[in-house]
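A.B. asks: structure, please.
(one chain, ligands or ions: 1)
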Amino acid sequence: MDEQKIWAHSGDSHFIEPEDLFNQILPPALAKRMPWSEKVSDHEEIVHIDGKEFRRPLPKIATKKINGVSMSELSSRPPGARDIRARLADLDQEGIWAEVVYSSLGMWDQNLTDVALVKAAAAAQNEWRIKEVQGVAPDRLIAVAALPLLDVEASVQEAKHAAELGFKAIGMPAPGLPNSSTYNHSITPLNDDAWEPLWAFMEEAGLVAAFHIGGDAGEHTVYRGPGGAVLNYTNSTFSGQRAAMLMVASGALDRHPDLKVLISEAGATWVPFLGERMNEGYRQHGMFVRPTLSRSPKEILFDQVYASFQHEDIAIAAMMHMGYDKVMFGSDYPHLEGTYGHTQKTLHELVDDAPADVRYRVTQGAFKELFPHVSDPPAS
Ligand code: MN
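C.D. replies: Presented below is the predicted three-dimensional model:
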């Protein structure tokens, strides 16, 4: 193995909110309605969201090793998970330079259903994130802005506020299935033309539409019984595919060719598959298709949808052999699904055998297309 340090940007990372964040930034009556997590046993947590409860399994702490790192080490939080300044030391150690930094508790916001609450929460969280997350290292950390998604017009206004604050990415909801019991019908579906003013503004302002999988609380425990852990983990990726599908089929990305989408943590090889499948639908069901598109669904996906993966060793093949080049690494720091503790080993395994241009594109190049303002890592 080549021992040289590989620097990569990450399209998928998170900060963990301070314990009392919502009390610091919101009036008490609103703060207590925001998402909070209650660990009920070593194996389960309850996420409380404005009077609703969602149970989800916690990763089991086992003694077996993955990539030479014990599971118990991975389960304990890295030093910089909450402390953004300490985080930079973790990133330097792992070889991550710039990263898209999603929230943690804030990921559950798409399950809220009260307009006044989401308006106040989005504005307050954005003021905090721009200062306390992105502001710590603006050339390396890209905080993701929240929108009050229950109200389209308010979302456009908050996107303008976010752009003024200096955000480069806007968090959008990766949806569950519309007929599931937890689907939030208070959010206008992504394929609805009502969102048009938001897409127009984001395109004009150069704001990336950032979708992180698993935002619908019900998506985490769809299956029980044999195979449940793998079934639920795999199922959670489909929300990202659904988001991309909605943005393409609705014509939103076709009408706004400079609007870029990032799907985080869902892998990358699904994109060629989805493009083929959508092309088949577009062609074989052509008599039912509306709106018609100026490019094929696959072309739109390949042009405007970026995908981050952490361990997927066939992602490089999607780029080299399937013509899809919007592929980027994501460490998913500080999560168990991520590469903390073994990022260098993972990166070497992924890219050591790839040609130099492919290697650069996966580790830095695709990311720089979305966020050209970030600085470059030190020469390794
Ligand atoms: Mn993630």
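A.B. asks: quick one: mean pLDDT over stretch 13-33.
C.D. replies: Averaging pLDDT along stretch 13-33 gives 95.
A.B. asks: number the residues from 353 up from this point.
C.D. replies: Renumbered: residue one is now 353, and that last one reads stretch 365-385.
A.B. asks: from the stretch 503-652 of the chain, which residue is nearest to the ion?
C.D. replies: E617 (4.1 Å; CB to the ion). Using the backbone N, CA and C atoms, a C-beta is placed for each residue, glycine as well.
A.B. asks: wait, isn't that residue in contact with F681?
C.D. replies: No - using CB atoms under 8 Å, E617 is not in contact with F681, being 11.5 Å away.
A.B. asks: spit out the residues that contact the two alike.
C.D. replies: By CB atoms under 8 Å, 6 or more residues apart in numbering, E617 and F681 have these common neighbours: 660, 662.
A.B. asks: quick one, which of those two is more surrounded?
C.D. replies: Using other CB atoms under 10 Å as the criterion, E617 and F681 rank with F681 on top: 30 against 26.
A.B. asks: just give the closest residue to that one, not the sequence neighbours.
C.D. replies: Using CB to CB, 6 or more residues apart in numbering and skipping residues adjacent in sequence, the residue nearest F681 is A360, 4.7 Å away.
A.B. asks: what residues are bridge-paired with that neighbour?
C.D. replies: A360 forms beta bridges with I448, as assigned by DSSP bridges.
A.B. asks: and for it, the neighbour number?
C.D. replies: 28.
A.B. asks: now do the contacts for it.
C.D. replies: 447-449, 681, 683, 695, 699, 714-716.
A.B. asks: mind redoing it with 6 Å?
C.D. replies: For A360, the contacting residues are 681, 699, 715, by CB atoms under 6 Å, 6 or more residues apart in numbering.
A.B. asks: between the two ends of stretch 453-461, how far is it?
C.D. replies: Separation of the first and last residues of stretch 453-461 by CA to CA, to the nearest Å is 16 Å.
A.B. asks: for burial, what's the neighbour tally of the residue nearest to A557 when sequence neighbours are not counted?
C.D. replies: Nearest residue to A557 in three dimensions, chain neighbours excluded: A515, at 4.5 Å (CB to CB, 6+ apart). If you count neighbours by other CB under 10 Å, A515 ends up with 18.
A.B. asks: ok, and the closest non-adjacent residue to M672?
C.D. replies: Leaving aside its sequence neighbours, M672 sits nearest to V710 (CB to CB, 6+ apart; 6.0 Å).
A.B. asks: I'd like the next helix or strand past the one helix or strand that neighbour maps to.
C.D. replies: Under the criterion of DSSP states H and E, V710 resides in helix 708-712. Following helix 708-712 in sequence order, the next helix or strand is helix 718-722 (DSSP H and E).
A.B. asks: give me the residue from the stretch 403-552 of the chain nearest the ion.
C.D. replies: For the stretch 403-552 of the chain, CB to the ion, closest residue to the ion: Y454, 6.2 Å.
A.B. asks: on that earlier part again, which residues touch the residue of the stretch 503-652 of the chain closest to the ion?
C.D. replies: 364, 565, 684 are the contacts of E617 under CB under 6 Å, 6+ apart.
A.B. asks: can you tell me which of these has the most neighbours?
C.D. replies: Ranking those using other CB under 10 Å puts D364 first, with 29 neighbours.
A.B. asks: in its sheet, what does the helix or strand containing A561 sit against?
C.D. replies: If you go by DSSP H and E, A561 is part of strand 560-564. Using DSSP bridges, strand 560-564 pairs in its sheet with strand 521-525 (parallel), strand 613-616 (parallel).
A.B. asks: tell me which of these is the most buried.
C.D. replies: Greatest average neighbour count among the strands paired with strand 560-564 goes to strand 613-616 (a mean of 28), per mean count of other CB atoms under 10 Å.
A.B. asks: just checking, what packs against the following helix or strand past that one?
C.D. replies: Remark: after strand 613-616, the chain's next helix or strand is helix 622-636, criterion DSSP H and E. If contacts are counted by 3 or more CB pairs under 6 Å, 6 or more residues apart in numbering; DSSP states H and E, helix 622-636 sits against helix 649-656.
A.B. asks: mind running it again at 8 Å?
C.D. replies: Under the contact definition 3 or more CB pairs under 8 Å, 6 or more residues apart in numbering; DSSP states H and E, helix 622-636 sits against helix 580-601, helix 649-656, strand 657-661, helix 667-674.
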